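**Student:** Return a 3D structure for these sequence lines:
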Amino acid sequence: MNPLDRLAVRLSLTRAEISVLSILTAFLVLGGVVSNFRSVRDADAIVKQRELEQFSDKETDSLLAAVSAGSKGTVTAQEALEKPYETRYSKDSYKEQSTRKHKKREGRSENKVFSGTISFNRATERQLQQIPGVGPVMAKRLVAFRASKGGRVERHEELLEVKGIGEKKLEILKKHLTLE
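**Tutor:** Numbers count the residues shown, from 1 in each chain. Predicted structure coming up:
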């Protein structure tokens, strides 16, 4: 007596009923596998979308805009608590602020001259800042992007995913970055 016949006797079913139940069970299992595959694919798409949002830095940009607006003559909450009214709004303090801003601008006006190459997969933020057109914010984005790729970037074109890097900046980065 074969196993299907023995199972049919034990369950008090005919052999045809056992075959139909086997087919239905197989379809149920197959449906579960397909459903699981779709949910994994959807989860993967969501993860990729979150990674792209991470590098867009919309929140950081709005925060930077608020901070830079705050340095144009407005007083932060911390300054308001620390200094009395007369000190914050005296003519001398405005002169002092404008000379500080002028000195900062002078420091920024120096053009970066860097002609070497840097290994991107091992570079620190400070090393990346030596490249013309790469400041502290862009260096942080590049390091975070490299970390999200598992510490290794294979092609220069992948850097286009980082916010702030377009075709022109990519050409500059290609001159100065090696992907060894």
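
**Student:** Mark out where each domain of this structure begins and ends.
**Tutor:** The chain resolves into domains spanning 3-55, 58-108, 118-178 when parsed by automatic domain parsing.

**Student:** Let's test this: mean pLDDT of the last one, rounded?
**Tutor:** Translated: domain 118-178. Mean per-residue pLDDT for domain 118-178: 89.

**Student:** Can you get me the start-to-end distance on it?
**Tutor:** 6 Å (CA to CA, to the nearest Å).

**Student:** can you give me the strands for this protein?
**Tutor:** Assigned by DSSP state E, the strands in the chain fall at 118-119, 177-178.

**Student:** Which of these has the highest mean neighbour count?
**Tutor:** strand 177-178 (a mean of 18; mean count of other CB atoms under 10 Å). No exception for glycine: its C-beta is placed from N, CA and C like everyone else's.

**Student:** Any chance of JSON lines for the strands of the chain, columns distance to Arg15?
**Tutor:** Below are these laid out as JSON lines (distance: least, CB to CB, whole Å):
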{"stretch": "strand 118-119", "distance to Arg15": "70"}
{"stretch": "strand 177-178", "distance to Arg15": "70"}
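
**Student:** closest to Arg6 out of those strands?
**Tutor:** Nearest of the strands of the chain to Arg6, taken as CB to CB: strand 118-119 at 68.4 Å.

**Student:** All set now, cheers.
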